[in-house]
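Q: Quick one, structure for this:
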Amino acid sequence: MKRLIAVTATLTVCALSSPAAAMGSIADIVIHDRAQNRTLPVHVHEGRHYVVGRPGNEYEIRLRNRQRGDILSVVSVDGVDVITGDTADWRHSGYVLGPRQSFGVKGWRKSLDRTAAFYFTALPDSYAARTGRADHVGVIGVAVFHKKPEPVVPHWPPRVDRGAAAAESPFPAAAADERGAGAAARAEAPATAVQKSARLGTGHGRSETSVVTYTEFERATAAPAEVITIYYDSYRNLVAQGMIRAPSLARPDPFPGRFVPDPR
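A: You can find the predicted model right below:
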């Protein structure tokens, strides 16, 4: 398997405020509305996860490693890799999180210390649309990989001949397998019934500080151990598509009481 360079978070910068809103088993993933300072509730419909975006609001993708070992999270927004800006592919670089570490992905990676903020916006203003790739607007993806374990060097106690000094035996190191398993086929996100002009996307916003460093990470497998997919759109669109249920309006009751009360 190829050895790659991935980006690693240097600080534990966030905590998950609502476990009920977290998705994933290897890593917890939540979408946090920065303008409202709240974690967006998740609506589940036919096994898919949806969140409601408010146009103009900045948001971040919060990642938390639930494992005792390092993981790699390759993140995409609207079918675009958030680090390279290329069309998303889970073979790309990602964010490496240490055991129990958390990190907030707040925007498109511009350098090791700057990002351009994510914000919900109309589809034509989205970064994907402005770079000619609007086919997958409205979806956030996180592909999670385990780290390949270090090779275990066997050790045996030296043989001791009676009346002679112990003889040392050589211990050859196990070579890492450079051959990757076949890449799994990726499923495409289903097209929505709402017209593209009415859908929400993610914009390329203000520049802000977000410091990371490079590190090496070798994946345990060619295909991710887990893929978390989160769809988003406006409240009106998700209700219209039947993804979330609108609150029922209170209907007037012609017989609200049983007896006539005294006048005031």
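Q: can you pull the pLDDT of the residue positioned nearest the centre of the chain?
A: The centre of the chain sits closest to residue 142, judged by C-alpha atoms, centre = their mean, with a distance of 3.3 Å. Per-residue pLDDT puts residue 142 at 96.
Q: For it, give the beta-bridge partners.
A: residue 75, residue 228 (DSSP bridges).
Q: which residues touch it?
A: 24, 27, 29, 61, 63, 73, 74, 75, 76, 227, 228 (C-beta atoms under 8 Å, 6 or more residues apart in numbering). All C-beta atoms are positioned from the backbone trio N, CA, C, and that covers glycine.
Q: What about the residue nearest to the first one when sequence neighbours are not counted, how many residues nearby?
A: The reference is to residue 24. Nearest non-adjacent residue to residue 24, counting by C-beta to C-beta, 6 or more residues apart in numbering: residue 228, 4.6 Å away. Using other C-beta atoms under 10 Å as the criterion, residue 228 is surrounded by 23 other residues.
Q: I'd say residue 228 and residue 23 touch.
A: Yes. The criterion here is C-beta atoms under 8 Å, and residue 228 meets it with residue 23 at 5.1 Å.
Q: now residue 119: how far from residue 58?
A: Using C-beta to C-beta, to the nearest Å, one gets 5 Å for the distance from residue 119 to residue 58.
Q: Of these two, which one has the most company?
A: For residue 119 versus residue 58, neighbours defined as other C-beta under 10 Å are more numerous around residue 119 (23 against 20).
Q: other SSEs contacting the one helix or strand the more buried one maps to?
A: Using DSSP states H and E, residue 119 sits within strand 114-122. Counting contacts by 3 or more C-beta pairs under 8 Å, 6 or more residues apart in numbering; DSSP states H and E, strand 114-122 packs against strand 58-65, strand 107-109, strand 200-209.
Q: relative to strand 200-209, how tilted is that strand?
A: On the basis of axes from the mean of the first three to the mean of the last three C-alpha atoms, to 10 degrees, strand 114-122 is oriented at 160 degrees to strand 200-209.
Q: Now strand 114-122: average pLDDT?
A: 98.
Q: elements contacting the helix or strand following that strand?
A: Next helix or strand after strand 114-122 toward the C-terminus (DSSP H and E): helix 127-130. On a contact count with 3+ C-beta pairs under 8 Å, 6+ apart, helix 127-130 meets strand 200-209.
Q: In the sheet, which residues pair with residue 28? Tell me.
A: According to DSSP bridges, beta-bridge pairing links residue 28 with residue 64.
Q: surely it meets residue 66?
A: Yes. Counting by C-beta under 8 Å, residue 66 is a contact partner of residue 28 at 6.1 Å.
Q: More neighbours: these two, which one.
A: residue 28 (18 against 15).
Q: Can you read off the pLDDT for the nearest residue to residue 79 once chain neighbours are set aside?
A: Leaving aside its sequence neighbours, residue 79 sits nearest to residue 136 (C-beta to C-beta, 6+ apart; 2.9 Å). pLDDT for residue 136: 95.
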